[in-house]
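Participant: Output the structure for:
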Amino acid sequence: MRYLFTMNMPSFAGNQVHQIIGEHPATTLSDLVEDLNVNDFVTVVEVYKDAGSKAQASEYYLKGPIVLNCMHIGKVKEFIA
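Facilitator: From the prediction side, this is the model:
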């Protein structure tokens, strides 16, 4: 399932809001919260939006695995394109 992670840190580009779209095997937010609560780090497959797209579902592509530090995740919601 795809989730939108808002991080408590600036982005690489220097933006104050750093958001990551990631695929995680949890099928509900409750399951994801359980995983975040018992682990210091969680691995997701990062998803990028095609820069020239108008953000339709087919215009996203997998970037690869990324490890997130759970202490720096501010909020998470289901990602809906």
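
Participant: Run through the helices of this structure in chain order.
Facilitator: 29-38 (DSSP state H).

Participant: what about it, any weak spots by pLDDT?
Facilitator: Under the criterion pLDDT under 70, the flagged ranges of the chain are 52-58.

Participant: Would you map the strands across it?
Facilitator: Secondary structure of the chain (DSSP state E): strands located at 2-7, 18-23, 41-49, 60-69, 73-78.

Participant: For stretch 10-21, what is the distance to the chain centroid?
Facilitator: Using C-alpha atoms, centre = their mean, to the nearest Å, the distance from the centre of stretch 10-21 to the centre of the chain it belongs to is 11 Å.

Participant: re the thing from before, adding distance to L29 and mean neighbour count, write the strands of the chain out as TSV.
Facilitator: (Glycine included, C-beta is placed from N, CA and C.) Compiled in TSV, these are given as follows (distance: least, C-beta to C-beta, whole Å; neighbours: other C-beta atoms under 10 Å):
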stretch	distance to L29	mean neighbour count
strand 2-7	8	17
strand 18-23	13	18
strand 41-49	13	16
strand 60-69	15	13
strand 73-78	7	13
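
Participant: among these, which is nearest V33?
Facilitator: Taking C-beta to C-beta as the criterion, strand 73-78 is the member of these that comes nearest to V33, at 8.0 Å.
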